[in-house]
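Participant: quick check, what structure comes out for this input:
(one chain, ligands or ions: 2)
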Amino acid sequence: MLIEVKNIIDKIKTEISSFKEKLSYEPKLVSLVVEPDESTKSYLNSQKRNAKKYGINLEIVESNDLINDLRIYNEDDATDAIFVARPLKKGYTELDIAKHIDPEKDVEGVSLHNIGSMFYEKELFVPCTAEAVVKIIEDTTDVRGKNIVILGRSTTVGKPVALMLQRHGRDATVTITHTKTKNLKEITTKADILVVAIGKANFVDRSFVKEGMIVIDVGINVVDGKIVGDVDKDVSEICQLTPVPGGVGSVTTAILMRNVFRAAINKKGDL
Ligand SMILES: NC(=O)C1=CN([C@@H]2O[C@H](COP(=O)(O)OP(=O)(O)OC[C@H]3O[C@@H](n4cnc5c(N)ncnc54)[C@H](OP(=O)(O)O)[C@@H]3O)[C@@H](O)[C@H]2O)C=CC1
Ligand SMILES: Nc1nc(=O)c2c([nH]1)NC[C@@H]1CN(c3ccc(C(=O)N[C@@H](CCC(=O)O)C(=O)O)cc3)C=[N+]21
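Facilitator: Numbers count the residues shown, from 1 in each chain. Ligands and ions are numbered 1, 2, ... in the order given. You can find the predicted model right below:
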């Protein structure tokens, strides 16, 4: 069966409405992109649609000098929030963003400051997709003591999801897997919950899961012009599965929008 995320999005909408009351202007989000791939284009579509819906002034900037652009928008008082799309152009690393983005405008929680705070279990801004995954899991089941297997170890999904799920108060037992993991299916079939963030369309099929598992499909792949996840839809016949589109992606965007309002209010000192 498919996991419904509408009630999670409704709760985020309510948070945004209460933030809006504290602001007298449309907060500004600058999204820096360089040669966007299909999944990034899908995200930008989602950002445009939601910025209009929630009243955010979104500026999408093609960035050819990322470090210089980060300096410009860090210093630009009219810019409340900055997002830097991945994958990055050759010559830049995620560490460059982590070092150079203003942590108070870093609405994706990728800066050294925000990642470090998450490490110390102080979640200020955390990567939006990781927060979306955790919210969906917590809305679906009790996380405490659950055996959670994550496919993928990226800086914006796999790693932060693992850190957030095992922290005190959530207390899951987490296994991170990647391309060098041996006997992957032996590991995944023992999970209570599977989080799949690998960027391979329909990679996870029924041979990776057991009846009754919760499967969170983070994948956003474009195949023949259609958005598909990393998990084969047939898995939903024996497991609880998040849909793609309409699952993790839609919660991620709502969280990004909410964080833009949080950044604007924090700048005013009202958070
Ligand atoms: N829905 C949303 O809001 C979001 C969706 N996405 C989507 O999630 C997917 C993953 O993106 P992202 O997190 O950036 O990951 P990356 O593309 O940066 O990296 C992929 C990760 O998956 C691992 N991996 C690849 N193949 C396997 C395998 N067979 N078994 C186990 N691990 C594997 C890689 O391992 P290794 O490290 O060994 O190479 C790597 O860690 C993409 O489809 C992306 O579009 C991304 C962000 C947000
Ligand atoms: N720094 C960075 N952080 C990211 O989180 C990031 C990124 N770079 N690069 C690209 C990937 C991909 N990604 C998506 C998130 C939501 C939707 C989304 O909202 N999809 C809608 C459909 C959108 C549409 O209609 O096209 C849905 O799944 O319901 C899509 C794609 C985030 N990414």
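Participant: number of nearby residues for the closest residue to ligand 2 within the stretch 151-271 of the chain?
Facilitator: Residue of the stretch 151-271 of the chain nearest ligand 2, by C-beta to the nearest ligand atom: Gly249 (2.5 Å). Just so you know, the C-beta spots here come from the backbone N, C-alpha and C atoms, and that holds for glycine as well. Gly249: 25 surrounding residues under other C-beta atoms under 10 Å.
Participant: residue contacts, it?
Facilitator: By C-beta atoms under 8 Å, 6 or more residues apart in numbering, Gly249 lies in contact with Ser42, Tyr43, Ser46, Ile220.
Participant: quick one: which of the residues you listed is most hemmed in?
Facilitator: Greatest neighbour count in the contacts of Gly249, by other C-beta under 10 Å, goes to Ile220: 26 neighbours.
Participant: what residues are up against that residue?
Facilitator: Residues in contact with Ile220 (C-beta under 8 Å, 6+ apart) are Ser39, Ser42, Tyr43, Ile227, Gly229, Val244, Pro245, Gly249.
Participant: among those, which are in strands?
Facilitator: Ile227 (DSSP state E).
Participant: the contacts of Ile220 in helices, which ones?
Facilitator: Ser39, Ser42, Tyr43, Gly249 (DSSP state H).
Participant: which pair in those spans the largest distance?
Facilitator: Ser39 and Gly249 (9.1 Å; C-beta to C-beta).
Participant: on that earlier part again, for the residue of the stretch 151-271 of the chain closest to ligand 2, give its distance to Ile136.
Facilitator: Relative to Ile136, Gly249 is positioned 11 Å away (C-beta to C-beta, to the nearest Å).
Participant: between those two, what contacts are shared?
Facilitator: Overlap of the contact sets of Gly249 and Ile136 (by C-beta under 8 Å, 6+ apart) is empty.
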